[in-house]
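> When you get a sec, could you give me coordinates for this:
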Amino acid sequence: MNAFAYLVNTLFDLYLMVVILRIWLQLARADFYNPFSQFIVKATHPIVAPMRRVLPAVGGIDTASVVLALAVVVLKILALSLIAGAKFDFGTTMVFAIVSVIKESGVLLFWILIIRAILSWVSQGSNPFEYVLIQLTEPVLSPLRRIIPPMGGLDLSVLVLMIALNFLNMLLSQYIPFWAAA
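Next comes the predicted model:
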């Protein structure tokens, strides 16, 4: 049963990352005609489009995508509960879903920062994938760059943000229920 649980967990987490990326692309106003962005849109559009008819956007946030992200986590927990033969509690699951989406967003930001840092060493900057990564991370990194300017040609803002994300993850795992398990 552990192999099935691993497979279910991995597939749902990968799709959750795609849904979170869709929300993030909209918030960052990234180029939706970029090939990477098009992959994200095409992977989520069949589910998000019908939901948008019922759930309008609130402010700049696509409510349908946020509900889809929460639904992905709830379905993951339901599937894992069925595999394990455990009891499914909807109230606890909703709290866990909210915590899980927030934590997965931070994990995704962390990995995108790592990928962007590695690409900065080897890429010439003309890659469309790298362009989307820049669009996603610049709103977070530019305020840090005003505080920590580049030193000797090194941009330390990525490192500072990665350390801050790890610190926040450790801190929240001590004080928020389900954080460590999410």
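> contact partners of stretch 120-128?
For stretch 120-128, the surrounding residues in contact (C-beta atoms under 8 Å, 6 or more residues apart in numbering) are 34-36, 119, 130. Where you see a C-beta, it was placed from the backbone N, CA and C, and this is true even at glycine.
> Specify which member of those is nearest to Phe110.
Checking these against Phe110 by C-beta to C-beta gives Leu119 as the nearest, at 15.1 Å.
> so the closest one sits in a helix?
Yes - counting by DSSP: H, G, I helix; E, B strand; the rest coil, Leu119 is part of a helix.
> After the helix or strand harbouring Ile114, which helix or strand is next?
Assigned by DSSP states H and E, Ile114 falls within helix 90-122. Note on helix 90-122: by DSSP H and E, the next helix or strand toward the C-terminus is helix 128-147.
> Report the contact partners of Leu72.
Actually, residue 72 is Val rather than Leu. Val72 sits next to 12, 15-16, 19 when contact means C-beta under 8 Å, 6+ apart.
> circling back: so which bits of the helix holding Ile114 are buried?
Residues of helix 90-122 classed as buried: 93, 96-97, 99-105, 107-109, 112-113, 116, 119 (neighbour count, 16 or more other C-beta atoms under 10 Å).
> Now find how far off-centre that helix is within its chain.
In terms of C-alpha atoms, centre = their mean, to the nearest Å, the centre of helix 90-122 is found 4 Å from the chain centre.
> Next, the angle from that helix to helix 128-147.
Angle of helix 90-122 versus helix 128-147, following axes from the mean of the first three to the mean of the last three C-alpha atoms, to 10 degrees, is 90 degrees.
> what mean pLDDT does helix 90-122 have?
For helix 90-122, the mean pLDDT works out to 89.
> Please apply the same query to stretch 23-36.
The pLDDT scores in stretch 23-36 average 90.
> Need the contact partners of it.
Outside of stretch 23-36, the residues within contact range by C-beta under 8 Å, 6+ apart are 37-38, 40-41, 60-62, 65-66, 69, 105, 108, 128-129, 131-132, 135-136, 138-139.
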